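>>> Predicted coordinates and the sequence they were generated for:
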Amino acid sequence: METIPNTSHSTFEHTAPLFTVFSNEPLLSIEDKLVSLESLQQNLDLKEMMNNFAALVADFIRPFNIRFQSAHGFFSLVQMQRNSYSKSFNLGSMGQSTRLGTITYQSEVALTLDEDKLLTELHQLLLPSLKHALKFSELNTMVYQDHLTNIGNRAYYDSSIQYAIEQSNRTHLGLSLMILDINDFKPINDTYGHLKGDQVLKEFARILTQSVRASDMPFRLGGDEFAIILQPSENCSIAKVHRRINQAILNNTILKEIGCTFSLGHSHWEIGTSSMQLFESADQNLYQHKASTKAL
């Protein structure tokens with residue numbers, strides 16, 4: 001227990017104590033800590049572990065929108081639309097520990113002192129498991145990253161779309177899928193060579209990454225075919241991203257020089273729709289778009 005003198009003075013009669021008392025005693029009991037550690041150590045997958053952590057935060061404090069960002073992993077959980085208050089914590093930046101990433105909490109009201117302290121205690125329980133999960137995520141990057149464009153590959157898309165559907169089932173927030181491919185890509189290779197074609201693919205992937213939010217995910221499915229998972233998503237989300245991509249291509253010297261254009265198909269997830277059905281709907285929409293463009 002630590003006492004700190006209250007040095008403020010007033011000409012009025014004191015109605016509050018002269019000493020402010022701060023307790024160094026933990027708010028979580030030993031039993032709480034054991035239950036929390038057991039929950040956090042169930043899975044090395046970053047998303048599953050962070051979902052378990054979010055559930056602990058909701059149980060011990062209250063629900064928050066939670067976002068975690070690091071060099072080797074990203075997690076976002078949106079549970080409420082109104083979030084006028086936001087606070088971020090750097091995890092693992094104290095003492096000798098290496099910084100693991102930044103976690104941000106959003107809610108309608110600010111954290112109280114006790115809630116802030118509880119989060120700090122929960123973070124200390126999270127750190128050991130988080131280190132292992134991020135290392136596991138780093139190793140998975142070698143498997144799930146497209147070697148040419150450095151965005152997610154088809155295998156990563158397959159696992160991510162399934163997770164996105166499961167999250168939308170829980171949160172009832174929108175989910176959209178965009179399928180894109182570069183028009184007349186073979187003639188680009190034939191005319192300019194494969195090195196130029198690789199450069200076009202890399203520039204296109206970079207534009208996709210820059211045209212979406214941090215919670216959205218771009219992928220190269222193979223060849224000149226790409227996908228973007230938008231979550232959360234509204235009816236206007238597709239059009240917004242489409243405009244950004246078009247504008248970015250116009251501003252890109254390499255893509256503008258060869259007259260690069262692309263076709264787009266999209267679909268919106270509804271309850272009961274499988275990942276395959278979602279993809280088939282977007283793919284069909286893509287070929288309808290291609291057919292209408294060629295007819296002009």
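Cool, the structure landed.
>>> What pLDDT is listed against residue 143?
At residue 143 the predicted local confidence, pLDDT, stands at 84.
>>> Tell me the spacing between it and residue 136.
Between residue 143 and residue 136 the computed distance is 11 Å (CB to CB, to the nearest Å). From N, CA and C alone the C-beta is placed, and that goes for glycine too.
>>> Neighbour count for these two, which is higher?
residue 136 (17 against 9; other CB atoms under 10 Å).
>>> is it true that the more buried one lies in a helix?
Yes. Residue 136 forms part of a helix when assessed by DSSP: H, G, I helix; E, B strand; the rest coil.
>>> what residues are up against residue 135?
Listed by CB atoms under 8 Å, 6 or more residues apart in numbering, the contact partners of residue 135 are residue 72.
>>> For the helix or strand where residue 38 lies, list every residue counted as buried.
Per DSSP states H and E: residue 38 is located in helix 30-40. The neighbour-count check on helix 30-40 (16 or more other CB atoms under 10 Å) flags 32, 36, 39-40 as buried.
>>> before we move on, what about stretch 194-203?
197, 199-203.
>>> Just those residues: which are in helices?
The members of the buried residues of stretch 194-203 that map onto helices under DSSP state H are 197, 199-203.
>>> re the thing from before, which neighbours do residue 143 and residue 136 share?
With CB under 8 Å, 6+ apart as the test, residue 143 and residue 136 reach no residue in common.
>>> Break the protein down into its domains, please.
According to automatic domain parsing, the chain comprises the domains 28-144, 154-295.
>>> now the end-to-end length of the shortest one.
When you say that, I think you mean domain 28-144. Its start and end residues considered, domain 28-144 measures 38 Å (CA to CA, to the nearest Å).
>>> Check the offset of that domain from the chain's centre.
Between the centre of domain 28-144 and the centre of its host chain there is 13 Å, according to CA atoms, centre = their mean, to the nearest Å.
>>> what separates residue 136 from residue 36, distance-wise?
20 Å.
>>> got it, and residue 150?
36 Å.
>>> next one: residue 293
With CB to CB as the criterion, residue 293 and residue 36 are 55 Å apart.
>>> any residues touching stretch 277-286, and which ones?
161, 165, 177-181, 227, 263-267, 269, 273.
>>> Hmm, I typed the wrong one, I wanted stretch 46-59.
With contact meaning CB under 8 Å, 6+ apart, stretch 46-59 is reached by 36, 39-40, 42-43, 63-64, 66, 68, 73, 75, 77, 105, 119, 122, 126, 129-130, 133-134, 136-137, 163.
>>> Buried residues in that stretch, which are they?
Quick answer for stretch 46-59 (16+ other CB under 10 Å): 46-47, 49-54, 56-57.
>>> Would you convert these into TSV that also reports pLDDT, secondary structure and distance to residue 173?
TSV is the format used below for these (pLDDT from 0 to 100; DSSP: H, G, I helix; E, B strand; the rest coil; distance: CB to CB, whole Å):
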residue	pLDDT	secondary structure	distance to residue 173
46	91	helix	20
47	90	helix	16
49	94	helix	21
50	95	helix	17
51	94	helix	15
52	95	helix	20
53	97	helix	20
54	96	helix	15
56	97	helix	21
57	97	helix	19
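>>> Quick one: classify the residue nearest the centre of the chain as helix, strand or coil.
In the chain, the residue lying closest to the centroid (CA atoms, centre = their mean) is residue 215, at 3.6 Å. When classified by three-state DSSP, residue 215 comes out as coil.
>>> List the residues that contact it.
Counting by CB under 8 Å, 6+ apart, residue 215 touches 67, 76, 78, 231-232.
>>> residue ranges of the helices in the stretch 51-200 of the chain, please?
113-144, 154-171, 185-192, 194-210 (DSSP state H, counting those that start in this stretch).
>>> Tabulate those helices in TSV, adding columns for distance to residue 251.
Converted to TSV, those look like this (distance: least, CB to CB, whole Å):
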stretch	distance to residue 251
helix 113-144	29
helix 154-171	27
helix 185-192	19
helix 194-210	9
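>>> Out of those, flag the one nearest residue 219.
helix 154-171 (4.1 Å; CB to CB).
>>> what are the C-alpha coordinates of the closest one, in CSV please?
C-alpha atoms of helix 154-171 as CSV (Å, rounded to 0.1, in the frame of the first residue of the first chain):
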residue,chain,number,x,y,z
ARG,A,154,-5.2,-18.9,-51.8
ALA,A,155,-4.6,-21.0,-48.7
TYR,A,156,-4.8,-18.0,-46.5
TYR,A,157,-7.9,-16.8,-48.3
ASP,A,158,-9.6,-20.2,-47.6
SER,A,159,-8.9,-20.0,-43.9
SER,A,160,-9.7,-16.3,-43.6
ILE,A,161,-13.1,-16.4,-45.4
GLN,A,162,-14.2,-19.2,-43.1
TYR,A,163,-13.2,-17.3,-40.0
ALA,A,164,-14.8,-14.1,-41.3
ILE,A,165,-18.1,-16.0,-41.8
GLU,A,166,-17.9,-17.3,-38.2
GLN,A,167,-17.3,-13.8,-36.9
SER,A,168,-20.2,-12.4,-38.8
ASN,A,169,-22.4,-15.1,-37.4
ARG,A,170,-21.5,-13.9,-33.9
THR,A,171,-21.5,-10.2,-34.4
